[in-house]
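[1] fold the stuff below for me.
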Amino acid sequence: MTRHDATRIDPRGRKVKILATIGPASRSPEMLRKLFRAGADAFRLNMSHGSHADHEQAIGAIRALEKEFARPIAILADLQGPKLRVGTFKDGSAVIRHGGHFTLDRDEAPGDETRVFLPHAELFGIMERGQRLLINDGKIRLVVKEADNDRIFCSAEVGGVISDRKGVNVPDAEVPIPALTDKDRRDLAFAVEHGADWIALSFVQRPEDLAEARKLIGAHRAKGAPRGAAQGPALCAKIEKPQAVKRLGDIIELADAIMVARGDLGVELEPQEVPPLQKRIVNAARTAGKPVIVATQMLESMIESPIPTRAEVSDVANAVYDGADAVMLSAESAAGDWPEESVAMMHSIATQVEGDEGYIDRVRFLDTPPDATTSDALAHACMTIADTVPISAITVFTSSGSTARRVARERPATPMLVLTPSMRTARRMGLLWGAHAVATKDIGSFEEMIAKGKRMALRHGFGTAGSKQVVLAGVPFGTPGSTNLLHIVTLTGAELDKHAG
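    As a prediction, the model looks like this:
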């Protein structure tokens, strides 16, 4: 990666990352540049919208930004998932009466106020009396009275207007459908071939869903990747179904990251259930050392307004105080009137929170004891040293990113400089708390490691003359999972002069 001092983005000055969704309002290279400069660390491609040509254009613009600013940028491709929908109506819509009856059946004829076609055969035969069907994001609530292989007869707990192809949520049953539709498979292949760094899997219900997605990722090789190179992007599991919450531990174990997808989660659960569940998911992912993203409706009013509500500011602040690795903008940056302002506001809120003198104590309120491994013990030692001795940076040498994740799990107050020979690893760090990643040539000796650590710290603004730096690495160098070396060095005036020269 070529370094351009005139335009290089310095460390953001915050630890939580910002993931901005790309859409019609932000797809142009000019706007993407503005969002990056405003604080976006990663970009989300919503595969539910836009063509592959649109997404390819956005990927090209993001990779151009990387070269311009000499900074790795993460790209997350978010798959649509198996969305359930009703059929069509004679007049385009109908009214379901409060307390009335309504049937979903397998008759393809257009519906009316009494019934509609449900083009999902897998739902018939699994629904039981008392279970709920939520239509149009929960605006209509039906309770099953009777169900068989041909019809689901319901009473309307909450009625209203129902129109063509509205979405259906099934919160009380595990729906026996694949996690990946044909469209998802095509989108996944596109994302892998075009170098996406993360794949987000929607509507996860069971650990097996992740295993299927990972198998497909492994079947595709990124464009231009040399043989033997690391295969495919990392996998992020979106938690938006009650069934996923029930198997949260197993899902976290198989995923590389977790997203608290509050949109559908808020439909399928009661609103008051979502905040404590969000904290539970964040804590579980943090304990496991996996990045966790809080997403959906964070600054919703900024779709139309240049300023957020106080409640939205508090929502973002709480996610930052909880120690989330990243916070996400959806329609605010994708389709809103104020995409740049939304990113800037997210950055401002996070910076303000992290400047609170009680911030580190708050994010460390969660106990994350190290595992009984050398790498975890050394990662924990980095935090302890930085709390005891004035340290300007924790410099981590890593090939896979595992060491950086273990250090981030400790939530150190000191900035973390991640040096890696893998551009893929550097990009993935765009969703990791506190990580400033630099893709650089691999090292071959202890002396080279120390020299490079000092040089990169100076170059990227992580120290001055007299600053102390903790260096964490593994010997033999370049061997994933071999973290076994911790060293403290002091930057000298001579090194500063050498860097300036």
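
[2] return the distance of the residue nearest to residue 98 when sequence neighbours are not counted relative to residue 142.
    Leaving aside its chain neighbours, residue 98 sits nearest to residue 159 (4.1 Å; criterion: C-beta to C-beta, 6 or more residues apart in numbering). No exception for glycine: its C-beta is placed from N, CA and C like everyone else's. According to C-beta to C-beta, to the nearest Å, residue 159 and residue 142 sit 9 Å apart.

[3] which residue ranges of the stretch 1-150 of the chain form helices?
    In the stretch 1-150 of the chain, the segments counted as helices under DSSP state H, counting those that start in this stretch are 29-38, 52-69.

[4] how about the stretch 201-350 of the chain?
    207-219, 242-246, 248-254, 262-268, 274-288, 310-321, 331-334, 339-354.

[5] out of those helices, nearest to residue 166?
    Across the helices of the stretch 201-350 of the chain, residue 166 has its closest neighbour in helix 262-268 (12.1 Å, C-beta to C-beta).

[6] for that closest one, packing partners?
    Helix 262-268 makes packing contacts with strand 167-169, helix 274-288, strand 292-295 when contacts are defined by 3 or more C-beta pairs under 8 Å, 6 or more residues apart in numbering; DSSP states H and E.

[7] ok, and what's touching the last one?
    By that I understand strand 292-295. Contacts of strand 292-295 from elsewhere in the structure, counted by C-beta atoms under 8 Å, 6 or more residues apart in numbering, are 19, 236, 257-263, 278, 281-282, 285-286, 319, 322, 324-328, 330, 431.

[8] buried subset of these, written for ChimeraX?
    For selection in ChimeraX, the members of the contacts of strand 292-295 meeting the burial criterion (16 or more other C-beta atoms under 10 Å) are listed in this command:
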select :19,236,257,258,259,260,261,262,278,281,282,285,286,319,322,324,325,326,327,328,330,431
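
[9] I figured residue 363 hits residue 325, correct?
    No. Under the criterion of C-beta atoms under 8 Å, residue 363 is not in contact with residue 325, lying 10.8 Å apart.

[10] nearest the middle, which residue of the protein would you pick?
    residue 293 (4.4 Å; C-alpha atoms, centre = their mean).

[11] wait, a strand at residue 200?
    Yes. If the criterion is DSSP: H, G, I helix; E, B strand; the rest coil, then residue 200 is within a strand.

[12] how about the strands in the stretch 51-200 of the chain?
    If DSSP state E, counting those that start in this stretch is used as the criterion, the strands of the stretch 51-200 of the chain fall at 74-78, 84-85, 93-96, 101-105, 115-117, 132-135, 140-147, 151-158, 160-163, 167-169, 198-201.

[13] now residue 171: how far from residue 35?
    With distances defined as C-beta to C-beta, the gap from residue 171 to residue 35 amounts to 35 Å.

[14] show me what counts as buried in stretch 60-75.
    Applying 16+ other C-beta under 10 Å to stretch 60-75 flags 61-62, 65-66, 68-75 as buried.

[15] what's the closest of these to residue 252?
    The closest of the buried residues of stretch 60-75 to residue 252 turns out to be residue 74 (C-beta to C-beta; 19.7 Å).

[16] tally of neighbours for residue 203?
    Number of residues near residue 203 (other C-beta atoms under 10 Å) recorded here: 25.

[17] buried set for stretch 162-178?
    Along stretch 162-178, the positions that meet the burial threshold by neighbour count (16+ other C-beta under 10 Å) are 162, 164, 166, 168-173, 175, 177.

[18] cool, and stretch 110-123?
    Residues of stretch 110-123 classed as buried: 110-111, 113, 115-118, 120, 123 (neighbour count, 16+ other C-beta under 10 Å).

[19] kindly export it (C-alpha atoms) in CSV.
    Once side chains and other backbone atoms are set aside, the C-alpha atoms of stretch 110-123 remain, and they are given as CSV (Å, rounded to 0.1, in the frame of the first residue of the first chain):
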residue,chain,number,x,y,z
PRO,A,110,-55.6,-13.2,-5.0
GLY,A,111,-56.5,-12.6,-1.4
ASP,A,112,-59.2,-10.5,0.3
GLU,A,113,-60.2,-9.5,3.8
THR,A,114,-60.6,-13.1,4.9
ARG,A,115,-57.6,-14.9,3.4
VAL,A,116,-54.3,-14.7,1.4
PHE,A,117,-51.9,-17.0,-0.3
LEU,A,118,-48.7,-17.9,1.7
PRO,A,119,-46.0,-19.0,-0.8
HIS,A,120,-44.0,-20.9,1.8
ALA,A,121,-45.0,-24.5,2.0
GLU,A,122,-42.5,-25.1,4.9
LEU,A,123,-44.7,-23.1,7.3
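
[20] show me what contacts residue 251?
    Residue 251 makes contact with 204, 206-207, 210, 237, 239, 244, 258 under the criterion C-beta under 8 Å, 6+ apart.

[21] report the two of the residues you listed separated the most.
    Of all pairs drawn from these, the widest gap by C-beta to C-beta lies between 206 and 258 and measures 14.9 Å.

[22] okay if I get the strands of the stretch 51-200 of the chain as CSV plus mean pLDDT?
    As requested, the strands of the stretch 51-200 of the chain are arranged in CSV below (pLDDT from 0 to 100):
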stretch, mean pLDDT
strand 74-78, 98
strand 84-85, 94
strand 93-96, 97
strand 101-105, 98
strand 115-117, 98
strand 132-135, 97
strand 140-147, 97
strand 151-158, 97
strand 160-163, 97
strand 167-169, 95
strand 198-201, 98
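
[23] which one of those lies nearest to residue 411?
    For the strands of the stretch 51-200 of the chain, proximity to residue 411 was assessed by C-beta to C-beta; strand 74-78 is nearest, at 20.0 Å.

[24] against which helices or strands is that closest one packed?
    Contact partners of strand 74-78 among helices and strands, from 3+ C-beta pairs under 8 Å, 6+ apart: strand 42-46, helix 52-69, helix 182-193, strand 198-201, helix 423-428.
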